[in-house]
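Trainee: any chance you could fold what I've pasted below:
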Amino acid sequence: MKVEIPSIVLGSKTYINRDGHSYDLKVGNDDGSLVEVYYEITSGAARRVISRKFPIQIEVNDRFLWVLGLLRGEGLRSHDAQSSMYRFNVVNNDLEVIRAVIQVLDESGLAAFSGLKSRPGLIRISYGPHCNKTQARRYWAKGLGIPLTCVKMAREAEPQKRARFGSCMFTLNDVLLRRIVDLVALQVYSTLFSQNSGLWNS
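Mentor: Below is the predicted model:
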């Protein structure tokens, strides 16, 4: 299945921000493989444009579907519910799950991992009382192939949380990425589970 980014963006809006406003998403220039997605914020005479380039077309393969299912079940969670709509945020204590999400973002062109590896605070760890914080940082850094400087011990979790290396919070403060991933998911679900797809009659 292929999803065309321009077609899902047109007619869509950003999520409502903290001030209660949402903005029309717009499509800018493309170079044949990438397309600009942006929105404009105006305040009086001031105008600010928030933009980002995405692949024109997303190939939704089995791995991509698996990640969409994970995000649907787990949710793009954030400890601050109000801010969860403004970031791409995945929480899990399984290294392979976090690795799969990062690989799918990278392979699809939604977020190049090479450009993220040096970002401080890319990975935050919530940890229980039995977690060795030094070992946990090394575990996640080595497993994800990132420098130790990208891994931060964020906060102590509830006492019942006993994951040896804590729970990993993979966070990208990217409101457009969050919105595009959600729009891709909506398009995929609509296609797969429409009555015309034949799935209801199988």
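Trainee: please make it C-alpha for all contacts and neighbour counts, starting now.
Mentor: OK.
Trainee: quick one, strands of this structure?
Mentor: For the chain, applying DSSP state E gives strands covering 2-4, 26-30, 34-43, 46-55, 57-59, 88-92, 123-127, 151-156, 167-172.
Trainee: which of those strands is buried the deepest?
Mentor: Among the strands of the chain, ranked by average contacts under mean count of other Cα atoms under 10 Å, first place goes to strand 123-127 (a mean of 25).
Trainee: now it and strand 151-156, what's the angle there?
Mentor: 40 degrees (axes from the mean of the first three to the mean of the last three Cα atoms, to 10 degrees).
Trainee: average pLDDT for strand 123-127?
Mentor: Per-residue pLDDT values across strand 123-127 average out to 87.
Trainee: so which elements touch that strand?
Mentor: helix 133-144, strand 151-156, strand 167-172 (3 or more Cα pairs under 8 Å, 6 or more residues apart in numbering; DSSP states H and E).
Trainee: one more pass at 7 Å, please.
Mentor: strand 151-156, strand 167-172 (3 or more Cα pairs under 7 Å, 6 or more residues apart in numbering; DSSP states H and E).
Trainee: contacts for the first one, please.
Mentor: Identification of contacts with strand 151-156 by Cα atoms under 7 Å, 6 or more residues apart in numbering yields 121-128, 137, 141.
Trainee: quick one on the thing from earlier: mean pLDDT for the strands of the chain: which is lowest?
Mentor: strand 151-156 (a mean of 82).
Trainee: list the strands paired with that strand, with their directions.
Mentor: strand 123-127 (parallel) (DSSP bridges).
Trainee: the partner strand: how far from the chain's middle?
Mentor: Remark: strand 123-127 is offset 17 Å from the chain centroid, using Cα atoms, centre = their mean, to the nearest Å.
Trainee: can you pull the contacts of residue 9?
Mentor: So residue 9 contacts 25-26 (Cα under 7 Å, 6+ apart).
Trainee: can you check the one 3 residues further on too?
Mentor: For residue 12, the contact set (Cα under 7 Å, 6+ apart) comprises 24-25.
Trainee: so the helix or strand bottoming out on mean pLDDT in the chain versus helix 133-144, what angle?
Mentor: Every helix and strand of the chain was ranked by mean pLDDT, DSSP states H and E. The lowest is strand 151-156, at a mean of 82. Per the same axes, to 10 degrees, the angle that strand 151-156 makes with helix 133-144 is 130 degrees.
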